[in-house]
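Engineer: Got a sequence here, can you build the structure:
(one chain, ligands or ions: 2)
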Amino acid sequence: MDILQEIEMRKEEIFNLYHTLHAMPEVGFQEIQTSQFLAEKLEGAGIVTETKINGTTGVIGVLRGQKSGPVVCLRADMDALAFKIDGKDVNIHACGHDANSTMVLMAALVWAKRRIKRGTLKILFQPAEEALGGAEAMLKSGILADVEEMFGIHLRPIQEGKLGQATPALCHGSSYIMWAEIKGLPAHGARPHLGINAIDAAAAVVNAVNAIRLNPTVPFSVKTTKLLANNGANNIIPDRAEMVFDLRAQTNEAMEELQKRVQRAVENGAAALGASSRISVLGGVPGASYDQGLIDLTSKAIQKVLGETMDPVITPGGEDFHYYSTKGQIKTAYIGLGADLAPGLHHPEMKFNLEALIHGAKILAAIVEERLN
Ligand SMILES: [Zn+2]
Ligand SMILES: [Zn+2]
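Structural biologist: Ligands and ions are numbered 1, 2, ... in the order given. Below you'll find the predicted structure:
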């Protein structure tokens, strides 16, 4: 029996794993039951497992082959989302990380049973993708220092792919938040010439930011999302403004350029009115940066399972997975899996066709077969 047939035979088990994980939704860095359940399953299959990675809920399992070969990692995120429904706080797996964990777990279980021939397979269950911070915590622990190749997987909303479809390159954009402070000079409303109005300066900054132009072949956007100024009396020329900008770009190169331009707009916009400024990056996620070799390999695995593969899918959402390639220097590919998922990710009533779990587990198992068998 080949590995794909074996997964087909274990269909009910896959559905049960999913239902169990679905019934224990926990938010980022609090995936206590989830990580315990996943660790028990790995250990039960004879996989050497380490928990509490870097003091978090992260879990990693390791399978080693007899012969030398690459160190390959399958990564899933574990966290659910917090909602307030009818006045009650509830956690829901509305992004399908329970599905991602199920697929990666199943691929690990089938390979634990038949053993990989060469190299090393690491199975990573990462906490806190939604709140971000999970991928960075895993990298900082050092447990991924030897990993050369990493594969991620995520269900897609129906607009990006139907059941039976998958792409080997789900291209998330990069998104960052920048913060700026504008300092003017206070004065009486009757004597504006003696002050520097921070709101006037901020308005010049807003205009300068809105006039930023980048190469139009790469999607990007930037906008002011916060402007706070003067919480004092109504007849004071305000001397301070605080601004926040939301930056999006499809490539990391474009994001780098965009950040420089926003900085220039803030500094020069404020300076045009005689105000001073400072600006910093509050946080964000890098965009997808995939390895073509791994995309080709993943594409082959998708073809084997589903008959054909989709082109790369560009999605405006972000993913902390891309820390592994941009900060960890690991080669990556990321599967976007069609699942007839509706109404959408992050919707509290999100539903998908469970058959997708079988497709995903098979694709991941086929990748391992190609690299480590
Ligand atoms: Zn999400
Ligand atoms: Zn997600």
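
Engineer: Give me the mean pLDDT for stretch 172-191.
Structural biologist: Taken as a whole, stretch 172-191 has a mean pLDDT of 96.

Engineer: gap between the two ends of it?
Structural biologist: Start and end residues of stretch 172-191 are separated by 51 Å (Cα to Cα, to the nearest Å).

Engineer: Check stretch 332-351 too.
Structural biologist: 28 Å.

Engineer: Please apply the same query to stretch 142-153.
Structural biologist: This stretch, stretch 142-153, spans 22 Å end to end (Cα to Cα).

Engineer: do stretch 215-222 as well
Structural biologist: 14 Å.

Engineer: Also stretch 18-31?
Structural biologist: Rule used - Cα to Cα; the end-to-end distance of stretch 18-31 is 15 Å.

Engineer: I'd like to know which helix or strand in this structure has the lowest mean pLDDT.
Structural biologist: Every helix and strand in the chain was compared by mean pLDDT, DSSP states H and E; the lowest is strand 313-315, with a mean of 92.

Engineer: And the contacts of the helix or strand just after that one?
Structural biologist: Downstream of strand 313-315, the first helix or strand assigned by DSSP states H and E is helix 323-326. If you take Cβ atoms under 8 Å, 6 or more residues apart in numbering as the criterion, helix 323-326 is touched by 75, 135-136, 139, 144, 147, 150, 252, 285-286, 289-291, 330-332. For every residue, glycine as well, the C-beta is placed using N, CA and C.

Engineer: same for the next helix or strand after helix 323-326, what does it pack against?
Structural biologist: Sequence order places strand 331-341 as the next helix or strand after helix 323-326, per DSSP H and E. Contacts defined by 3 or more Cβ pairs under 8 Å, 6 or more residues apart in numbering; DSSP states H and E place strand 331-341 against strand 149-157, strand 166-167, strand 170-172, helix 292-306, helix 323-326, helix 355-372.

Engineer: Columns distance to Gln36 and mean neighbour count on top of these, output as a markdown table?
Structural biologist: Output for the helices and strands packed on strand 331-341, formatted as a markdown table (distance: least, Cβ to Cβ, whole Å; neighbours: other Cβ atoms under 10 Å):
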| stretch | distance to Gln36 | mean neighbour count |
| --- | --- | --- |
| strand 149-157 | 22 | 25 |
| strand 166-167 | 30 | 27 |
| strand 170-172 | 29 | 23 |
| helix 292-306 | 30 | 18 |
| helix 323-326 | 24 | 21 |
| helix 355-372 | 21 | 23 |
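
Engineer: Which one of those lies nearest to Glu130?
Structural biologist: Of all the helices and strands packed on strand 331-341, it is strand 149-157 that lies closest to Glu130, at 12.0 Å by Cβ to Cβ.

Engineer: Work out the sheet partners of the helix or strand that contains Gly69 and label each with its direction, please.
Structural biologist: Assigned by DSSP H and E, Gly69 belongs to strand 67-77. Strand pairing for strand 67-77, determined by DSSP bridges: strand 118-126 (parallel), strand 149-157 (parallel).

Engineer: how many other residues sit next to Lys327?
Structural biologist: Using other Cβ atoms under 10 Å, the number of residues around Lys327 comes to 13.

Engineer: Now do the contacts for it.
Structural biologist: 136, 139, 286.

Engineer: Among the residues you listed, which one sits closest to Arg156?
Structural biologist: Pro286 (20.2 Å).

Engineer: for that closest one, phi and psi?
Structural biologist: phi -70, psi 160 (degrees, to the nearest 10).

Engineer: That one and Ser175: what is the separation?
Structural biologist: Note on Pro286: its distance to Ser175, by Cβ to Cβ, to the nearest Å, is 9 Å.

Engineer: which one of these two has more residues nearby?
Structural biologist: Pro286 (24 against 19).

Engineer: ok, the closest residue to Phe321 other than its chain neighbours - contacts?
Structural biologist: Nearest residue to Phe321 in three dimensions, chain neighbours excluded: Gly152, at 4.7 Å (Cβ to Cβ, 6 or more residues apart in numbering). Gly152 is in contact with 75-76, 100, 319, 321, 332-335, counting by Cβ under 8 Å, 6+ apart.

Engineer: State the mean pLDDT of whichever strand or helix holds Gln5.
Structural biologist: According to DSSP H and E, Gln5 maps onto helix 3-9. The pLDDT scores in helix 3-9 average 97.

Engineer: buried ones in the helix or strand following that helix?
Structural biologist: Tracing the chain past helix 3-9, the next element assigned as helix or strand by DSSP H and E is helix 11-22. Across helix 11-22, burial judged by 16 or more other Cβ atoms under 10 Å covers 14, 17-18, 21.

Engineer: C-terminal to helix 11-22, what's the next element?
Structural biologist: Using DSSP H and E, the first helix or strand after helix 11-22 is helix 32-44.

Engineer: for that following helix, what is the average pLDDT?
Structural biologist: If you average the pLDDT over helix 32-44, you get 98.

Engineer: the inter-axis angle of that helix versus strand 67-77?
Structural biologist: Angle, helix 32-44 to strand 67-77, by axes from the mean of the first three to the mean of the last three Cα atoms, to 10 degrees: 160 degrees.

Engineer: So which bits of helix 32-44 are buried?
Structural biologist: Of all the residues in helix 32-44, those buried under the rule 16+ other Cβ under 10 Å are 34-35, 37-39, 41-42.
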